[in-house]
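*Asks:* the sequence and its predicted three-dimensional model are supplied below.
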Amino acid sequence: MNKRFSKKTIASTLLLALTFSLTACAGSGKGSNASPGNSSPSASSPSASASASSDTGGQASADADAPGWQADAAKPITFDWYLNFSWFPNKWGVDPTSQYVTKKTGVNINFIVPAGNENEKLNTMIASGKLPDFITLGWYEDAVRKMQEGKLVLPLNELAKEYDPYFFKVADPAKLSWYTQTDGNVYGYPNASSSPKDYEKYGTNFTSNQTFLVRKDMYEALGKPDMRTPEGFLAALKAAKEKFKDVNGQPLIPLGLHEFTTTGNYSLEDYLADFLAIPRDVDGKLSDKYSLVDNEEYVKWLKVFRQANQDGLLAKDVFIDKRTQMEEKIAQGRYFAMLYQRSDMAAQENVLFAKDPNSVYIAVDGPANSKLDAPKLAGPSISGWTVTLISKDVKDKARAIKFLSYLISEEGQKDLYLGEKGFSYDTIDGKDQFKPEALQLMQSDRTSFDKKYGSSYTFWMLMDTNMNLQWAPPSVEPAKQMEDWTRGKTASYSQYDLIDPPATSPEGISKTKIDTLWSKALPKLLLSKSDADFDKALQQFKDDRAKAGYDAMQAFRQKKFEENAKKLADFMK
């Protein structure tokens, strides 16, 4: 999943699966013509850590043309799998789909999910030097780098060459190349990833999670006001507050945003910038999140939000609510407008839709630049959402890489998306698709669907959101309107991924300081009593940013960005 439209505020597991299954339209069998000789990244000899674990799976199958997992399917094994997402609610083996996969492959999974702060849990495990068999976390987490540099995870390419060359037949060469490290090895494989060629072929059909939303009945009652300009935006918020003072006895919240965190607020960073069509680089020079405050259009709109607060249109809830509180208020329909990630509210949309289809949130034209240019919203990227790695402590290297090969293969993707034939899906009208009763439950009550069926990427760790479109059903309301609105407005921002410096480097330390400075400056800017006070606070942030090492940090990121741009261009040759 792309850092810009999700990062740590990803929606609930199953809703994401539904969303991502509609964000790309690539064909099946990606990489099916690849062979170990032409798709494996160059690599040095297997690392010492690669021989630290037992090999109970042995080399039962080393055939590049045959799935290695099949030879070991009769031998049960349980892997511990760490998911760095405290909100993940599901357990393997409870639902029919995971039971089917275990029966088929012999692999059972014990998920480990942090009870509280994800970073604290993961950093503690890293410090101990011992990790569970599999680890899945956002590609943007610094822990990925720590595990790779600390030799705590194994090179997938080396494991594949030794135990399962079939991996290279089912892995996407572009993804392997993108994640190849300076030592020539690939340690993680992404989910929800789309390459430049996917954009070239299917880009017009890609959708974005970035949306500006309004409550349908309220918006229509106000005459569908144009909210693209500062004047229209503020006038609409004011009119909504005056006309709809409360919602079921509770105060209306004119505007909703993502939660404020220790690094800022997504809604007021890339989301706002993408709606304003602010380029991420100008003439090859980075002009992204860390330099947004130097852009006149962006600053103008931040002042619009400041004015909204002065006019009583930014409720205090916006500054203090966390995800749980926001979900409750969305389900109650208490927001009039939201600059928000649509997948983060899919469950709440279904609640509203069931009560009254007119009370749902719909996507409309939101803040725009002075030219009223169309937004350039973040679509799927080659980095994906998460990466999955195999620990040096894995109890069986051979079985681990073979199971990973199964999961990323078309067969594994189909099993985890459609489930077991005859139970959750069947061949209907000549096409493999969900049975009507399963589809109805999936579209109306995702939580219940997970428990009863467990398919449609309930277990999304390695979901391929391009491959699954051959089985995915058409989108339905209330999600369809929001998805369709973003279609044709997306752009790939892959070149800006993986450019941040290591957290412990001088540039990384500067980045951490700047993130902290920004997280404190942003609410202060919005709470300023006047534009003059805003300007003083903004200048103070710029001064502090410079002292914190901004130039050196950006120089590091600029170099990485240029390397990424070249690599992406090479993919298209």
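*Replies:* It's in.

*Asks:* show me where the stretch 51-200 of the chain has strands.
*Replies:* For the stretch 51-200 of the chain, the strands defined by DSSP state E, counting those that start in this stretch occupy 77-83, 107-112, 134-138, 188-190.

*Asks:* can I get those strands in CSV with mean pLDDT, mean neighbour count and distance to Met125?
*Replies:* For the C-beta atoms, the positions are set from N, CA and C on the backbone; glycine is no exception. Below are the strands of the stretch 51-200 of the chain laid out as CSV (pLDDT from 0 to 100; neighbours: other C-beta atoms under 10 Å; distance: least, C-beta to C-beta, whole Å):
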stretch, mean pLDDT, mean neighbour count, distance to Met125
strand 77-83, 98, 20, 7
strand 107-112, 98, 19, 9
strand 134-138, 97, 23, 9
strand 188-190, 98, 24, 16
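
*Asks:* wait, which of those strands is closest to Lys175?
*Replies:* Closest approach to Lys175 among the strands of the stretch 51-200 of the chain is made by strand 188-190 (5.9 Å; C-beta to C-beta).

*Asks:* need the strands of the stretch 51-200 of the chain in JSON lines (columns: distance to Gln539).
*Replies:* Formatted as JSON lines, the entries for the strands of the stretch 51-200 of the chain read as follows, by distance: least, C-beta to C-beta, whole Å:
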{"stretch": "strand 77-83", "distance to Gln539": "43"}
{"stretch": "strand 107-112", "distance to Gln539": "47"}
{"stretch": "strand 134-138", "distance to Gln539": "33"}
{"stretch": "strand 188-190", "distance to Gln539": "40"}
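
*Asks:* and of those, who's closest to Asp396?
*Replies:* strand 77-83 (6.1 Å).

*Asks:* distance from the chain centre to that closest one, please.
*Replies:* In terms of C-alpha atoms, centre = their mean, to the nearest Å, the centre of strand 77-83 is found 22 Å from the chain centre.

*Asks:* that one packs against which elements?
*Replies:* Using 3 or more C-beta pairs under 8 Å, 6 or more residues apart in numbering; DSSP states H and E as the contact criterion, the neighbours of strand 77-83 among helices and strands are strand 107-112, strand 134-138, helix 397-408.

*Asks:* so which of the ones you listed is nearest Leu222?
*Replies:* Proximity to Leu222, assessed across the helices and strands packed on strand 77-83 by C-beta to C-beta, is greatest for strand 134-138 (38.3 Å).

*Asks:* between that closest one and strand 107-112, how big is the angle?
*Replies:* 50 degrees (axes from the mean of the first three to the mean of the last three C-alpha atoms, to 10 degrees).

*Asks:* show me what strand 134-138 is in contact with.
*Replies:* Contacts with strand 134-138, where a contact means C-beta atoms under 8 Å, 6 or more residues apart in numbering, come from 1, 3, 7-8, 79-85, 118, 122, 143-144, 147, 153, 385-391, 394, 400, 461.

*Asks:* paired strands for it, with orientation please.
*Replies:* strand 77-83 (parallel), strand 386-390 (antiparallel) (DSSP bridges).

*Asks:* where does the stretch 451-573 of the chain dip in pLDDT?
*Replies:* In the predicted model of the stretch 451-573 of the chain, no residue satisfies pLDDT under 70.

*Asks:* ok, so what distance separates the nearest residue to Ser383 once chain neighbours are set aside from Lys245?
*Replies:* Nearest non-adjacent residue to Ser383, counting by C-beta to C-beta, 6 or more residues apart in numbering: Asp497, 4.1 Å away. From Asp497 over to Lys245 the distance is 44 Å, taken as C-beta to C-beta, to the nearest Å.

*Asks:* tell me which of the two has more neighbours.
*Replies:* It is Asp497, of Asp497 and Lys245, that has more neighbours when counted by other C-beta atoms under 10 Å, with 21 against 9.

*Asks:* correct me, but that one touches Trp385?
*Replies:* No - using C-beta atoms under 8 Å, Asp497 and Trp385 do not qualify as a contacting pair, with a distance of 11.1 Å.
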